[in-house]
Structure formats: structure tokens, C-alpha cells
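fold the following.
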Amino acid sequence: ELGGVHEPEPWFKDEPKRWYLSGNYNFPLNAAIAERSILDTPIVVDFKQSYMMSLILRVDVTAKFIWIIREPVPCIKSMVQSKFYGETDNEGENILEPWSGWSDLDTRLDKCIWYYRTVNEHILKYKRWISAVYFTEDLEQHENEYPIKKWLFTEEELTRIHDKCDPIYQTARELKI
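Prediction:
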């Protein structure tokens, strides 16, 4: 919808996560980012790029970012329904996790809340390079829409989502460029 391409080749698997956890700028992602930077498209969309922004800026000093953010409850509902940190992604093997790892007490919901906050807080650190902010609910269409399933969070779960995620979403609303 914004005139870009979604997850073009070279396709990332667990490399962005491993780079984020290592912080090693010599990690072999530079060539893949360089390949993406010369694609004939104004926008490359890939949620895994969100936590590699400093590496992207090292490879392409002219890079600008568009922050696309979704309301917390529908976003986390979608993540839980699509089995983030579960069957669809090898128990989270390819997506971000805390440096200290997960506790045995962390539920899928806890992990999705953590992911939403961490990625969006990380993006906010690069607001100097953000050229636009879009809200998923304002876009006419977007990919990865899953069939609507009856799914209700408990009041306690909704409170946790709102308490942990609403502040970063509100910051994005205030930043809207």
C-alpha cells in the first residue's frame, strides 16, 4: 500500500535475532542489508529490520525509516492467534527474545507483550531517522490478517496489555509525522 516490497530476498531467518543478541557489527548481515538497499523500491518492509536499525544505518547512511504501528490489543491478539513464540516460528527461534532468555513462567501472552514493547521502544530510539509514522488501522489494507476468531482476553490480561503497551502507542500517536 505504501509502494514498497514485503520481505524481499535475501530473506532473513534467525540472523537479525542473533545479531541483536550479539551486538556484533561484524555479523554477516551487512551484505544482505546492502543488497536490499539497492533494490528498485522506495520501501523495504520486514519486521525483523526493526531491531537492526543501527546496523542498517551503518550499511546505508542515507536510510530513513517508516514506523508502522498497530494498536496494542489487536496486534497482540493477532500475535497470540498466529502462534508467535509457538508452532509457527519454531517456538520463537527466529524472532527476538530477551538477552537473559525467557522464564519458565512466561506465557505466550507475556512474550508477545514483551515483543510489542521492546520492538516499538527500539524503533523510537531512532526517531531522528523516522520520516513517517503510519497506524495499521488507518491503512486501507494490510497483510497478515488472520481469520477473525472468537478471542477474549480476561480483564487482567487486557489491563496488562494496556499498562505495558499503551504508553509506547500513545508516544507514536504524538509523534505522527
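
quick one: the helices in the protein, in order.
Assigned by DSSP state H, the chain shows helices spanning 15-22, 30-37, 53-59, 72-81, 108-124, 155-175.

contacts for the shortest one?
When contacts are taken as Cβ atoms under 8 Å, 6 or more residues apart in numbering, the neighbours of helix 53-59 outside the stretch itself are 19, 25, 27, 29-30, 33-34, 37, 49, 63, 65, 122-123, 125-126, 129. Every C-beta, even on glycine, is put in place using the N, C-alpha and C of the backbone.

and the last one, by the same measure?
When contacts are taken as Cβ under 8 Å, 6+ apart, the neighbours of helix 155-175 outside the stretch itself are 67, 69, 71-73, 76, 109, 113, 116-117, 120-121, 124, 127, 130, 133, 135, 153.

ok, now the second one?
If you take Cβ under 8 Å, 6+ apart as the criterion, helix 30-37 is touched by 8-10, 12, 15, 44, 52, 55-56, 58-60, 63.

which one of those residues is nearest Pro98?
Met52 (16.9 Å; Cβ to Cβ).

and that closest one, what's its pLDDT?
The per-residue pLDDT reported for Met52 equals 89.

and the gap between the nearest residue to it once chain neighbours are set aside and Phe47?
Leaving aside its chain neighbours, Met52 sits nearest to Pro16 (5.1 Å; criterion: Cβ to Cβ, 6 or more residues apart in numbering). Between Pro16 and Phe47 the distance is 9 Å, computed by Cβ to Cβ, to the nearest Å.

again, but for Ser37
18 Å.

about what we covered before: among the contacts of helix 155-175, name the buried ones.
67, 69, 72-73, 76, 109, 113, 116-117, 120, 130, 133 (16 or more other Cβ atoms under 10 Å).

ok so, going back, of the contacts of helix 53-59, keep whichever come out buried.
For the contacts of helix 53-59, a burial check counting by 16+ other Cβ under 10 Å picks out 19, 29, 33, 49, 63, 65, 122-123, 126, 129.

between the residues you listed, which is nearest Lys83?
The closest of the buried ones among the contacts of helix 53-59 to Lys83 turns out to be Gln49 (Cβ to Cβ; 22.0 Å).

got the contact list for the residue nearest the centre of the chain?
Nearest to the geometric centre of the chain sits Phe47, at 4.2 Å (Cα atoms, centre = their mean). For Phe47, the contact set (Cβ under 8 Å, 6+ apart) comprises Val119.

could you report the neighbour count for Gly101?
For Gly101, the neighbour count with other Cβ atoms under 10 Å is 8.

how much space between it and Pro167?
25 Å.
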